[in-house]
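Enquirer: Have a look at this prediction, sequence included:
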Amino acid sequence: MNSEHELTLPAEDGGSGTGAPRAVRFYFENGLSLHSACAGDEVRNIRMIEESFGVRIVARENWVQITGDTQEEIERAQKFFTELSRFYLLRRRQIETRDFEFLCRSFRERRERDIGTLWAERISVSPRKREVMARSRRQLEYVRAIRSHDMVFGVGPAGTGKTYLAMAMAVSEFLKGNVSRIVLTRPARESGEALGFLPGTLEEKIMPYLRPLYDALYDMMDFDEVSGLLERNIIEVAPLAFMRGRTLNNAFIILDEAQNTTAEQMLMFLTRMGFHSKCVITGDPSQSDLNGRELSGLRHAIRTLRNIPEIAFCFFETTDVVRHALLEKIIVAYSGSGERRVEENREC
């Protein structure tokens, strides 16, 4: 068990110490320390803890000293370090910056009880890669929807894990033998220019649009493993136009950046799904590169299909952003209101 040792600091007014800040030392076990448990800049990590709990932290070797003005502040910080130690043992590796931020945020928003549930429903990918975990209630609902539905729409702003979690589920289902291949696609659509004006062969022209899908894939499988599966077309990454006329059986299919499809392209894509397949469509209706005369296929699909019970719709907010902590603030600043944005998406 981790242990704590309580100290009472002298009162600043020279009095008896009543109402003075209290200090508690939290001791890590098994040679663990804050520095060894957490990746990233230790000074930044300490500052984040202090801001999250309203306490002051001093870290030394296998202990940290927590100084706070109230018993509640100190107890919550102690509980955080206990959970941090437990999470390190569960992960069996140094806690990455995004996991550290996730723990701080969970405690700051008083959602620490969710941590165990989110961990229990983590997604297993390649044995040599770390498991993928949902980091909010909506993300968990999204993962559960993918597990229980053949077709799922993930709608919301950038950084909310829509594509990443879908990719993790695709890899997991493939490695379990539940599907025989993975098909990843997105429309080759950009602002202001036609694809034909770009230099290079067709493959060279479309590669920049597909690169984000490769990036997520390499996070979950080794490079050589991915390369071999791509060579054998077991994993296929292709622009949406290449899907026409096909029927995809026993496959996990992901359409990314769906806001850039037209209504006709969306219908074409949805009707590619064959037997024993799963299909996940992700996008942000507010970020469409279509011109004003074209109807977004994602908006049209939300309005048209939302009453079909076999299709799940998951709507994300800026509070579900799981990239760099600064990204949520940027998205909120640009969108004006995360809540208003979600309501607009729901009413598409």
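Expert: Cool, the structure landed.

Enquirer: where does the stretch 151-300 of the chain have low pLDDT?
Expert: Within the stretch 151-300 of the chain, the set of residues satisfying pLDDT under 70 comprises 189-206.

Enquirer: Okay, helices next: where are they in it?
Expert: Counting by DSSP state H, counting those that start in this stretch, one finds helices in the stretch 151-300 of the chain at the ranges 162-175, 202-220, 223-231, 263-270, 297-305.

Enquirer: One more: the stretch 1-150 of the chain?
Expert: Here the stretch 1-150 of the chain has its helices, by DSSP H, counting those that start in this stretch, at 34-37, 42-53, 71-91, 97-108, 114-120, 137-148.

Enquirer: Need those in CSV (columns: mean pLDDT and mean neighbour count).
Expert: C-beta coordinates here come from the backbone N, C-alpha and C atoms, glycine included. Converted to CSV, the helices of the stretch 1-150 of the chain look like this (pLDDT from 0 to 100; neighbours: other C-beta atoms under 10 Å):
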stretch, mean pLDDT, mean neighbour count
helix 34-37, 91, 18
helix 42-53, 93, 17
helix 71-91, 91, 18
helix 97-108, 89, 19
helix 114-120, 89, 15
helix 137-148, 96, 19
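
Enquirer: which one of these lies closest to Leu217?
Expert: helix 137-148 (16.7 Å; C-beta to C-beta).

Enquirer: Helix 162-175 and the closest one, what's the angle between them?
Expert: 30 degrees (axes from the mean of the first three to the mean of the last three C-alpha atoms, to 10 degrees).

Enquirer: Report the distance from helix 137-148 to the chain centre.
Expert: Between the centre of helix 137-148 and the centre of its chain there are 12 Å (C-alpha atoms, centre = their mean, to the nearest Å).

Enquirer: Could you list every helix and strand in contact with that helix?
Expert: Taking 3 or more C-beta pairs under 8 Å, 6 or more residues apart in numbering; DSSP states H and E as contact, the helices and strands that helix 137-148 lies on are helix 114-120, strand 151-155, helix 162-175, strand 311-315.

Enquirer: would you turn the ones you listed into JSON lines with distance to Ala59?
Expert: Conversion of these to JSON lines gives the following (distance: least, C-beta to C-beta, whole Å):
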{"stretch": "helix 114-120", "distance to Ala59": "22"}
{"stretch": "strand 151-155", "distance to Ala59": "39"}
{"stretch": "helix 162-175", "distance to Ala59": "32"}
{"stretch": "strand 311-315", "distance to Ala59": "39"}
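
Enquirer: Any idea which of these gets closest to Phe275?
Expert: Proximity to Phe275 (C-beta to C-beta) singles out strand 151-155 among the helices and strands packed on helix 137-148, at 13.3 Å.

Enquirer: Quick check: which of the helices of the stretch 151-300 of the chain is buried the most?
Expert: By mean neighbour count, with neighbours taken as mean count of other C-beta atoms under 10 Å, helix 162-175 ranks first of the helices of the stretch 151-300 of the chain at a mean of 24.

Enquirer: hmm, back to that, would you list the helices of the stretch 151-300 of the chain in a markdown table and tack on distance to Thr117?
Expert: Written out in a markdown table, the entries for those read as follows (distance: least, C-beta to C-beta, whole Å):
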| stretch | distance to Thr117 |
| --- | --- |
| helix 162-175 | 16 |
| helix 202-220 | 22 |
| helix 223-231 | 30 |
| helix 263-270 | 32 |
| helix 297-305 | 28 |
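
Enquirer: Nearest to Ala39 among the helices and strands packed on helix 137-148 would be which one?
Expert: When the helices and strands packed on helix 137-148 are compared by C-beta to C-beta, helix 114-120 sits nearest Ala39, at 18.2 Å.

Enquirer: I'd assumed Glu50 was in contact with Arg56.
Expert: Yes: between Arg56 and Glu50 a contact is recorded at 6.0 Å, counting by C-beta atoms under 8 Å.

Enquirer: Same list, the helices of the stretch 1-150 of the chain, but as TSV with distance to Arg306 please.
Expert: Formatted as TSV, the entries for those read as follows, by distance: least, C-beta to C-beta, whole Å:
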stretch	distance to Arg306
helix 34-37	44
helix 42-53	37
helix 71-91	37
helix 97-108	30
helix 114-120	27
helix 137-148	13
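
Enquirer: which ones are touching Val152?
Expert: Residues counted as contacts of Val152 (C-beta atoms under 8 Å, 6 or more residues apart in numbering) are 142, 145-146, 166, 278-281, 311-314.

Enquirer: what does Arg130 give?
Expert: 91, 93.

Enquirer: do you know how far Leu140 is from Leu32?
Expert: As for Leu140, its distance to Leu32 is 28 Å (criterion: C-beta to C-beta, to the nearest Å).
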